[in-house]
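**Q** The following block contains a protein sequence and its predicted model.
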Amino acid sequence: MLCIVALAVKLSRLQLFQAPALQSLAQMQRQISFAPKPSRRPIVDRQGNVLAMDRIVYTLYVHPLLFKQSKRAIAQQLSPLLDQSVEELLTQFKQQATGIKVKVDIPEELADRIVQLRLDGVDLIPNQQRFYPQKDLLAHIVGYVDMEGEGQAGLEYGLQERLLFPKLASADPSSQTKPQTTFSGDVDETPIDLLVDNSLAYDNLQLQLTLDSRLQRVAQQNLRQKLQEYGAKRGSVIVMDVQDGALLALASEPTFDPNRYYEAKLEWFKNWAVTDLYEPGSTFKPINLAIALETINLRPDEIINDEGKIHIGKWPIQNFDYAAVGGRGAITLTDVLKYSSNVGMVRIMERLQPSIYYDWLERCGLGKPTGIELPAEATAQLKSRDHFVNTRVESATTSFGQGFSITPIQLIQLQAAIANGGKLVTPHVTKGLVNETGVVQWSPERPVPKVLFSTKTTQQVLGMMEQVVLNGMGKLAQVPGYRIAGKTGTAQKVNINGGYGDNRITSFVGVVPAEAPRYVVLAVIDDPVGEDAYGGIVTAPIVKSVIESLVVIEGIAPNE
Amino acid sequence: MPVALKSDIGHYPDSDQTYKARVTSLRVITGQQAPDESDPSESPPVLRVVPQSPDREQAVFQLPDKSAAPLWLKILLSVYQGSTFVTGGLVASAMLIYGLTVGVNQLMVQGVHRLEGLQRSKQQLLAANEALKAHMAQQAENSGADSYIPHPAAAIFVQPASERLEPEAQPFKESGLISPQEVSKLLLPLGY
């Protein structure tokens, strides 16, 4: 009887008085801490070099209240690891008694060394961070992820749905915002329930791009060099495979380091080669020539009268070298391109009815996006059809690439159509989601390339463009041993008053190899300063350097 | 003093009267059937069976046969033994299943932690490797040396050989080739 009473007393104590403490103790024992798991798939370039990946970093908190040693002793031990002076750390330790954030983004190896110090009152909290090993090299394409894990630019934003690991259907959608790091199960749950009931379906897929880091580095380096040399505002270099529209390089300046995106200026985030419009100038002349060859009866040796300077209504139009050379008189179509004659182009395109010309511009895709995966793509701006058809000067200025605006990416798309026999391919930077063996599991759907020009037309235009590099204004783009076709471009920029000022935008487009085109390279430099700031001088050398690296990387042997 | 032995009375199937009648056929005498019963301590008691009379030998006393237990008893015994084994087995199974439940859980948790550790190490190594590559490329760029930039003048372009058709297999004798056995002889070490 006595025993029963004693047991009852013990049971009452356990159930009534000690239950909460014991319950929490049991819960602590059952608590499992999981390291935060990746939420996004990695991004790699065409060689498999990692461009973006998730990694664990730590945030260091200190709680001086829990220190078992003096603050100075703790600071002295942490100082060499954190690369902060003892005094700095001591100042931080005085802020409050607990929960002082000392350092963020501590890599794992450093965190391990801090843990090995076995200091009481020092806490390391793990969290996943998107890491961009290539820093600013491909920032405009890859983009960045903010502190909330949301993609804010580039493919991180544009293909966010593909980059995020898919959620399991059984998972509760309300709990998916952040990966779970700890679990304290209910009484009926076991740890194995947690392991099986995971929120994301992890796989080994990674987003592979068509870009080549080596070529991108070459393009970026050359671009920076020229921007510095000419004090230019911004620039872009694009390399495209003419057969399928895959981009091998897309360098834009200014750029930013996505690991430290918060230090960048807002305007640096946009990839202006895709988001901004510019007047292409003479680099659009080959497209106009192709349109003319397709629609009116013209031969490459057709004679055109180049007066050097003409007036369309009240608007004067002249060649860029009119002051030095004057009118060239009777020249061939090839010469028009070789000397980049504005007047010659006006004379050719005025043979075309403005309405047909406008139809062709629309057929070329002006006014529509190219379909590249990168976000915020701008569409070319053409004048309204009525205005274009009824205003003679509009078709005249359009004939030498002014009076309308286009993105650099759309210009290279049209140049690729000249190079590949007339097909309008979709420019793209992603190959797709590939598994560990390189097999593509998903790739973006792209429209079947539309045929714009006939092969005969494109071959004629390419032949004229080759003359530009051989004997014309694009000589600086020559690469010994290779046949290069190209075209320079120097367009006047519209000033704040709506008229054309002294500022220029220079460009050069090159096709390699001219006899069997495989790649087209476009370089654009915005607002170079200097007397010699022309496309043939500023941008042609960039294209030459990029082509030199491109032919080696792609194994294109010289033919001479 | 005559004492009747009442052994196995519980198993005796007959009635009490029959039993008594049969018992009377035996007389068990303790010690000598001496008249002097006043002093039993003088001689030790001896058990003797004395037949009462020859005519009563026909009533043969038959000891109960234990092997011939009734069927219901046998069934009950079997059920008892069987249920003991089943209970034991169930207890053992329950213990085993419980142990497995806990054990598998622990193993899974350990396995997951190990996997996570390996994944973190892989992630760490990958990040370090990529950062190192990018750093080396950056250093080469900063050094101003153009040696890292691919250039056609520093490259050798090798034309791929034209694809050759596999020659049809011919018997060794006809083709004049040596057999694999002969080849292996030729490839024997020659002392070096």
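**A** Arrived safely, thanks for sending. Model, not experiment: these values are computed from the prediction.

**Q** Can you tell me the SS state at residue A:525?
**A** strand (DSSP: H, G, I helix; E, B strand; the rest coil).

**Q** From residue A:374, how far off is it?
**A** Counting by C-beta to C-beta, to the nearest Å, the separation of residue A:525 from residue A:374 is 21 Å. Every C-beta, even on glycine, is put in place using the N, C-alpha and C of the backbone.

**Q** Please apply the same query to residue A:446.
**A** Distance of residue A:446 to residue A:374, given as C-beta to C-beta: 14 Å.

**Q** neighbour count winner among those two?
**A** When neighbours are counted by other C-beta atoms under 10 Å in any protein chain shown, residue A:374 comes out ahead of the other of residue A:446 and residue A:374, with 27 against 14.

**Q** quick one, phi psi at that one?
**A** With angles defined as degrees, to the nearest 10, residue A:374 sits at phi -70, psi 140.

**Q** what about the closest residue in space to it that isn't next to it in sequence, neighbour count?
**A** Spatially, and ignoring its direct neighbours in sequence, residue A:374 is nearest to residue A:274 (4.9 Å; C-beta to C-beta, 6 or more residues apart in numbering or on different chains). Per other C-beta under 10 Å, the neighbour tally for residue A:274 reads 28.

**Q** just residue A:348 next, same as before
**A** Per other C-beta under 10 Å, the neighbour tally for residue A:348 reads 23.

**Q** OK, contacts around it?
**A** Neighbouring residues of residue A:348 by C-beta atoms under 8 Å, 6 or more residues apart in numbering or on different chains: A:288-289, A:292, A:298, A:304, A:333, A:336, A:399.

**Q** swap in residue A:330?
**A** A:303-306.

**Q** okay, stretch A:237-257 in CSV with CA atoms only?
**A** These are the backbone C-alpha positions of stretch A:237-257, laid out as CSV (Å, rounded to 0.1, in the frame of the first residue of the first chain):
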residue,chain,number,x,y,z
VAL,A,237,30.8,42.8,-77.9
ILE,A,238,28.7,39.9,-79.2
VAL,A,239,29.8,36.7,-80.9
MET,A,240,27.1,34.5,-82.5
ASP,A,241,27.0,31.2,-84.2
VAL,A,242,25.3,32.1,-87.5
GLN,A,243,23.7,28.6,-88.0
ASP,A,244,21.7,28.4,-84.8
GLY,A,245,21.9,31.8,-83.1
ALA,A,246,23.9,30.5,-80.1
LEU,A,247,25.9,33.3,-78.5
LEU,A,248,29.5,32.5,-77.6
ALA,A,249,30.2,35.8,-76.0
LEU,A,250,28.1,38.7,-74.9
ALA,A,251,30.3,41.2,-73.1
SER,A,252,28.8,44.5,-72.0
GLU,A,253,30.4,47.4,-70.1
PRO,A,254,29.9,48.8,-67.5
THR,A,255,29.3,45.7,-65.6
PHE,A,256,29.1,44.6,-61.9
ASP,A,257,30.2,41.9,-59.6
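
**Q** Could you report the separation of residue A:444 from residue A:201?
**A** Taken as C-beta to C-beta, the span from residue A:444 to residue A:201 is 21 Å.

**Q** More neighbours: which of the two?
**A** Counted by other C-beta under 10 Å, residue A:444 and residue A:201 do not tie: residue A:444 has more neighbours, with 16 against 11.

**Q** And that one, its phi and psi?
**A** Note on residue A:444: its backbone torsions stand at phi -60, psi 140 [degrees, to the nearest 10].

**Q** quick one: it and residue A:430 touch, right?
**A** Yes - between residue A:444 and residue A:430 a contact is recorded at 6.1 Å, counting by C-beta atoms under 8 Å.

**Q** Need the residues touching each of the two.
**A** What both residue A:444 and residue A:430 touch, as defined by C-beta under 8 Å, 6+ apart, is the set residue A:373.

**Q** by contact count, what packs against the helix ranked longest in chain B?
**A** Ranked by residue count, the top helix of chain B under DSSP state H comes out as helix B:71-143. Judged by 3 or more C-beta pairs under 8 Å, 6 or more residues apart in numbering or on different chains; DSSP states H and E, the packing partners of helix B:71-143 are strand A:50-62, helix A:108-116, helix A:191-196, helix A:213-230.
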